[in-house]
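**Q** return a 3D structure for these sequence lines:
(2 chains)
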Amino acid sequence: MMKQLPLDRLPELFRKISEKKTVIAPIQSAGQVNFGVWTEDSILRLDALKTVKSAKGAFFPQVEDIVRFRMEGKKIDIHPADVLTEEFVIFGVRGCDARSFELLDRVFLSDPVDPFYAARRQHGTVVTLACNEPEETCFCTNFGIDAADPAGDVTCWIAGDVIYFRANTEKGIAFTADLESAENESPVEELKKNITEILKKLPFGALNLTGFDGDHLMERFNDPRWSELARGCLGCGTCTFVCPTCQCYDVRDFDTGSDIQRYRCWDSCMFSDFTLMAHGTNRPTQTERFRQRFMHKLVYFPSNNEGLYSCVGCGRCLEKCPQSIHIINVIKALGVNKDA
Amino acid sequence: MQEMIINRLRELLADGEYAGVIGWAQGETPFDRTPNLFNAEGLDQLRYDSFCGSNLSKYLVQQASKTEKKIIALLKPCDCYSFNQLCTEHRIDRNKVYVIGVGCKGKIDVEKIRKAGIKGITGITEDGDLLKIETMYGEKEISRKDVLLEKCLACKGKEHKCADEVLGESEETCSGDKYAAVRRLEAMTAEERFEFWRGELSKCIRCNACRNVCPACSCIKCVFDNPNSGVQNKAAADDFEESLFHIIRAYHVAGRCTDCGECSRVCPQGIPLHLLNRRIIQDVNELYGDYQAGESIGQRHPLTDFTLEDEEPSVIDTRGGGK
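**A** Now for the predicted structure:
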């Protein structure tokens, strides 16, 4: 049974939730839309299809403190950072980003479990939103994601000036408990049908991913075309930092003068000091770094995770790469059993 | 113009005198243009049109030093300034590059088309100033001049300052006073200005796209990437550090920044980084006389060239700095 709310009463709902829980939503700030903490003054932008950064930051923030050390004489005090204990709601997550949480779970919730991530997953309620107007850069359809009916604890649809809610989990039932029941679910059915039709028109909606798997690892790895593909790459971290599934991080120490703050921050395989070791780096040029990123997403990850690709087709890299080099270039250039 | 360029390149590449040509390749979307190196066989993938906004001059630092033979570069009028500056700094050997100046009438910013609310773009065709945009939601139209790259609104003119030959016509696309935005910021109170920059710079994700694309940022290893520098960082502890990174970078390129605008073009968060540089350029012009970095090869910039007429440091008090 669906619930409903007039769209203009959404701030009222947010106000009520935020009495007890933090509400994170797509917020416009200095001209850009990113997920941020909702307050009365926030500019809510549920119409924005793609936030610049993905929603993963709600569970895996760009920077977070892990532990603090303080030396007193020969004694070292160790203060681990607190894990999250407050409940929060992340609202307006699209189907692609919702899938990315499942992919991140496979990394952070497998042994050894990451306590910071696990706590956020435990205390977070994910409210997703169907994509009324998918864009040409979207290609979620390749990964079994339905933008018309996304996953999450609650799924929402905005049809006209009404927002509809469907609870999918226990958390979702709690979230929608006080909302009034939908009189008529047909606008949602209509909308879903519409979206499904639009999704068929996506220019990159049906890519051929044949040959991107563990069985073809060495063929993909040794393909001579990597250097051609990577030639224009600037080696910036834009693709990795806007990506919902990139999960690499670095651990660094900051000397505050009185103690040492150990924190972790997103890292990028595009950077020259990525996984730098005492002997130097095993990826000396941008070609190897570039190859690493796509091999991870399209070959290593699926071969370790029952064929699941580490890409959700959100298309942020298509929009944001300064030189327009992205995963579509790689799939089209290297795929389709070209060596068979 | 594209056909003319490709035909000329076929002639030039025919006898093996050149190692190849740095130009823009057709990407996967109708408007993706990716810098690449072409040989004669690959020329059918070369594109030159309204989407070739990126500045190719910095690629020559690597490419021109790799090969014994000369390399051909396609440069727009504004790219020539960066090229000259890199030659001045001995990062590019001028004798190793054959520069073809390509005509430019301003380049299109697809992001601006999206910001105007046009979604699902599957094709863009030009009809004079009118852009006809095919989308998944029907055909739309928008005026070309409304969606030019920000850098084109500060166009430095149609002359190629370093070309060995020029192909195609250019048009100046400057829209009035390029210092207007700087002056708007100047007119703010210190608090307002601080709020403006804090809002903008706190969006920074430290992807380093601005630094990596910047032709003035040509250090082989940036201090922020060097584990031995003590200041290496990937993400900052707070937005103060983010601000510091950008302000340090602006000072580092002071006097050498040609105002090519690539920093703002590539920023995924739309931070108007070029305004930091333009503010410094404005100061240099006011204090030392009009100066354009990259105007020619070998020129000394005012911050490294002492003359008795130079302003004294105390000018900061009389100009009301710090207030």
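**Q** can we go C-alpha only for contacts and neighbour counts from here?
**A** OK.
**Q** B:Gly23 and B:Gln45 touch, don't they?
**A** No: distance between B:Gly23 and B:Gln45: 9.9 Å, which falls outside the contact criterion (CA atoms under 8 Å).
**Q** more neighbours, these two?
**A** Residue environment comparison for B:Gly23 versus B:Gln45 gives the larger neighbour count to B:Gly23, 25 against 14, counting by other CA atoms under 10 Å in any protein chain shown.
**Q** so the more buried one, which state does it fall into?
**A** B:Gly23 carries the three-state label strand when classified by DSSP: H, G, I helix; E, B strand; the rest coil.
**Q** find the centremost residue of chain A, please.
**A** What sits nearest the mean C-alpha location of chain A, by CA atoms, centre = their mean, is A:Pro244, with 2.4 Å.
**Q** quick one: buried residues of the lengthiest strand in chain A?
**A** Residue-count comparison of every strand in chain A, with assignments taken from DSSP state E, identifies strand A:63-72 as the longest. Residues of strand A:63-72 classed as buried: A:Val63, A:Glu64, A:Asp65, A:Ile66, A:Val67, A:Arg68, A:Phe69 (neighbour count, 16 or more other CA atoms under 10 Å in any protein chain shown).
**Q** the first one touches A:Arg262, doesn't it?
**A** No: between A:Val63 and A:Arg262 there is no contact, the gap being 10.6 Å when judged by CA under 8 Å.
**Q** chain B: helices as residue ranges?
**A** B:2-13, B:59-66, B:77-88, B:110-115, B:180-186, B:190-201, B:209-213, B:239-252, B:262-266, B:274-288, B:315-318 (DSSP state H).
**Q** ok, which of the ones you listed comes nearest B:Lys145?
**A** Closest of the helices of chain B to B:Lys145 is helix B:110-115, at 10.9 Å (criterion: CA to CA).
**Q** if you count neighbours, what's buried in that closest one?
**A** Within helix B:110-115, the residues that count as buried by 16+ other CA under 10 Å are B:Val110, B:Glu111, B:Ile113.
**Q** chain B contacts on the stretch 101-250 of chain A?
**A** Counting by CA under 8 Å from any CA of the partner chain, the positions of the stretch 101-250 of chain A adjacent to chain B are A:133-137, A:198, A:201-203, A:228, A:231-232, A:234-238, A:241.
**Q** in the stretch 201-340 of chain A, what residue lies closest to chain B?
**A** Going by CA to the nearest CA, chain B is nearest to A:Gly237 of the stretch 201-340 of chain A, at 4.2 Å.
**Q** quick one: pLDDT of that residue?
**A** Confidence at A:Gly237, expressed as pLDDT, is 96.
**Q** what's the closest non-adjacent residue to it?
**A** Taking CA to CA, 6 or more residues apart in numbering or on different chains, and ignoring the residues beside it in sequence, A:Gly237 has B:Cys207 as its nearest neighbour in space, at 4.2 Å.
**Q** what about that neighbour, neighbour count?
**A** Neighbours of B:Cys207 (other CA under 10 Å): 24.
**Q** contact partners for it?
**A** With contacts defined as CA atoms under 8 Å, 6 or more residues apart in numbering or on different chains, the neighbours of B:Cys207 are A:Cys236, A:Gly237, A:Thr238, A:Phe241.
**Q** start and end of stretch B:88-108, how far apart?
**A** Distance across stretch B:88-108, first residue to last, is 30 Å (CA to CA, to the nearest Å).
**Q** next, the buried residues of it.
**A** By neighbour count on 16+ other CA under 10 Å, the buried set for stretch B:88-108 is B:88-89, B:91-94, B:96-108.
**Q** per-domain residue ranges of the chain.
**A** Chain wasn't specified; assuming chain A. Each structural domain of chain A that the record assigns through automatic domain parsing is listed here as a residue range: A:3-199, A:214-334.
**Q** that answer is for a different chain, and I need it for chain B
**A** Here the domain assignment for chain B is B:1-106+B:154-175, B:110-147, B:177-323, based on automatic domain parsing.
**Q** follow-up on the earlier one: buried only: go through the residues of the stretch 101-250 of chain A next to chain B for me.
**A** Burial of these was assessed by neighbour count (16+ other CA under 10 Å); the buried members are A:133-137, A:198, A:202-203, A:231-232, A:234-238, A:241.
**Q** which one among those residues gets closest to A:Ile163?
**A** Nearest to A:Ile163 among these, with distances taken as CA to CA, is A:Glu133, at 15.6 Å.
**Q** any idea how far the closest one lies from A:Phe204?
**A** Distance, A:Glu133 to A:Phe204, by CA to CA: 15 Å.
**Q** write out the residues of chain B neighbouring chain A.
**A** On the criterion CA under 8 Å from any CA, chain A has as its neighbours in chain B the residues B:27-28, B:32-37, B:54, B:119-122, B:136, B:199-200, B:205-209, B:212-213, B:225-227, B:234-237, B:265-270.
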